[in-house]
Every structure is written in C-alpha cells, then in structure tokens.
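> pasting the sequence and the predicted model now:
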Amino acid sequence: MQPIDHGVLEKSGRGSGGEADPIDALGRAMTKILRHEAATFNLDLRSDGYCKVDELLKIGMKTRAGIPLSSHSVEEVLQAVKQDNKQRFSTTREDGTLYIRANQGHSIKEVLSDHLLREISSTDKIPVCIHGTYKHALPSILESGLKVMGRNHVHFATGLPDENGVISGMRSSCQVLIYLDTEKAMADGMKFYVSDNNVVLTEGFEGCVPCEYFEKVVEWPSKRVIVGPLDRASPAKDARQL
C-alpha cells in the first residue's frame, strides 16, 4: 500500500529556523502524534500509550525536515528516542515486536493514568513539586487554579530548572514557579503520578489544581516570593507585583 501524504508538520517550536535536523524533526513528529494525534492517522494506541513502531512508520506525514515518517527506519526511530534530551519516549519489545510511547503530555483520553504512569503513594517521594509558567499566565492561574488545558494532567518538576536530574516537567524559559503543597493535596484525595522521565502529574480535581494547594509562588530566576504561605487565602492580588 502506498503511504498517504498527510502534509508537513508545522515548523514552529523549539529550534525553528534554518534547515531541520532529520532525527530531531522525527522526534518532534513522533511526540505530536503519540501525545495528541494518533486518531488522526488511525494509529492504535493501547491504554498504556504504546503503539507498534512499524505501524507508526506507515504514516506518510512529512516532518518539518520534509521527510515522510514512512521513509524513516526503525533504527532512526531508536536514534530519535536516544538523543531526546527530555527523555520523552519509552520503547519495549513484546513477543519480538517493538513498541513506542510518549512518556507524558497526552491529550488522548484513551491513554489511562493508571496504565501509563506510576501512582505516588507518599509525599516522601516528591518532597519538592514545582510547576513552571509565565508572568502573563499568572493572574488567571491565581484566580482559577492550574488547569490541564486540554491535556490529561497538570505537569510538575521535582526540582528547579537548573538542578541536576531535572530534565523535564517545565520549560527552561519559565518566569514563575508555583510550589505545590503535596501533603495537603494528597490528604484531600488528589492523586499524583510519576512518568518514566520523572515528571510528576496530576489530574487535580475535575481537571484543576485549586490555588489553596499552592505552597508559594516565586519569580524565576530571581526567586522573589510573589505569594507566600500567609497569602494563599486571596492570592490574586499578588499578581500585580510582577
């Protein structure tokens, strides 16, 4: 069967401009499909997020390097997985068949938290839990909490952007850090999970982590406190300090 050309993946995003590296472009395309667009290409994802690599490589969509996925090899897929600096993918072999998945970031509802991720049973496992965001988003967050925004989870890192071992969970360009009171949140029944690349995730309550669970909010990288523990009852006013 001839692969269908589904068009070119948009050229915006990290590292745009200039000629795209074919392996980097392949990784971007796989991220988008495995997190958000499997149904668009009739790609069968299991509830744990895995799909067959040979099925992924039947897709004719061109990457931002202008190369159809169907022209890439299994070896190039494995190379893209290996060189991804945020460890966005996992692979596994079952009965000789190679599978791949995105470790987190899904908007596909058929991918289930309990199958994709490991539930965190104690706050001892996540002594620090931080969400990175931007100044323009903070007023809305302090009014209505952190929302999943079309994805399945709100994402958190287990440390600061410049710390060793923090490879994913927030963008390095973030301007504001929101520290979560995980002890209070878990006591109230909020479930937390961790992905294979050590991102902490939660569905919150009905897709939202309310402000009452914010431990503090600080400006980054100055570390100036915007909202402290005593301010959490009415944090929205503190956004004016930015």
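Yes, it's here. Quick caveat, the model's predicted, so the values are computed rather than measured. Numbering: from 1, shown residues only.
> every contact and neighbour count from this point should use C-alpha atoms.
OK.
> pLDDT score for Lys11?
Lys11 carries a pLDDT value of 39.
> so His106 belongs to a helix, correct?
No. Remark: His106 does not belong to a helix; assigned using DSSP: H, G, I helix; E, B strand; the rest coil, it is coil.
> my guess is it meets Arg35, correct?
Yes. With contact defined as CA atoms under 8 Å, His106 and Arg35 form a contacting pair (4.2 Å).
> who's more crowded, these two?
Between His106 and Arg35, counting by other CA atoms under 10 Å, His106 is the more crowded of the two (23 against 20).
> dump the residue contacts of the more buried one.
Contact partners of His106, counting by CA atoms under 8 Å, 6 or more residues apart in numbering, are 34-36, 151-153.
> for Asn197, which non-adjacent residue is spatially closest?
Gln87 (5.7 Å; CA to CA, 6 or more residues apart in numbering).
> ranges for the helices of this protein?
22-32, 53-56, 74-83, 113-116, 138-144, 182-187 (DSSP state H).
> now the angle from the longest one to helix 74-83?
Computed by axes from the mean of the first three to the mean of the last three CA atoms, to 10 degrees, the angle separating helix 22-32 from helix 74-83 equals 80 degrees.
> chain center to helix 22-32: distance?
Relative to its parent chain, helix 22-32 has a centroid offset of 15 Å by CA atoms, centre = their mean, to the nearest Å.
> now stretch 94-114
13 Å.
> now do stretch 78-97
On the basis of CA atoms, centre = their mean, stretch 78-97 sits 16 Å off its chain's mean C-alpha point.
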